[in-house]
Each structure stands twice: as structure tokens, then as C-alpha cells.
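[1] Provided below for reference: sequence and predicted model.
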Amino acid sequence: MVDGPLAVEESRQALAVAYPEWRIWLSARGELWNATRLRDVRGRDGQFLDRTLVCDSSKELATELARQRELEQTAASS
């Protein structure tokens, strides 16, 4: 089942509120869910964490955003 435009925008807005450190957007054709980090962040190993995420669904993007937040918090506490 494909979500309608209103449901897609509601999902995008919910992710934007939950992850204000990211810009959440859909590809031009609306097929891919994307997020771009608003600032560079280094992980525990000193390497930069992902700056852009590209996913097939809002659910997959939410999972990746949560993983990125966990990596950032782990780096901040070390």
C-alpha cells in the first residue's frame, strides 16, 4: 500500500520534529526518504558520522536516524 501525500508529509514532519539536527526530505520523484545532518559530527573513532542518509521508507529512515543519534551520544560520552 502506498501512502497518500498527506500521510507522507505527516511522516516527514514527525521525523523532522523528532530529529531537529537533520533536514528530512524526499527525492524528487518521492521514492526515497533522505536526511541530511545539519552539522558535522565525529564518532568515537574520530571519523565523521554519516552526513546523508538515503532510505526506501520512512520506517527505515527512522531506524537509521535513531542509530545515528546513538552513535553521536556514544561519541559524546567518551
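    It's in.

[2] any idea how far Leu15 is from Glu64?
    Here the distance between Leu15 and Glu64 works out to 11 Å (CB to CB, to the nearest Å). (C-beta placed from N, C-alpha, C; glycine too.)

[3] and for those two, which residues touch both?
    By CB atoms under 8 Å, 6 or more residues apart in numbering, Leu15 and Glu64 have these common neighbours: Ala35.

[4] got the contact list for Arg12?
    For Arg12, the contact set (CB under 8 Å, 6+ apart) comprises 24-26, 33, 58.

[5] What subset of those residues is buried?
    Among those, those scoring as buried are 24, 26, 33, 58 (criterion: 16 or more other CB atoms under 10 Å).

[6] how about CSV for those, with pLDDT added?
    Converted to CSV, those look like this (pLDDT from 0 to 100):
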residue, pLDDT
Ile24, 98
Leu26, 96
Trp33, 98
Ser58, 96
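
[7] how about these in TSV, adding distance to Gly46?
    Shown next, in TSV, are those (distance: CB to CB, whole Å):
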residue	distance to Gly46
Ile24	27
Leu26	32
Trp33	29
Ser58	31
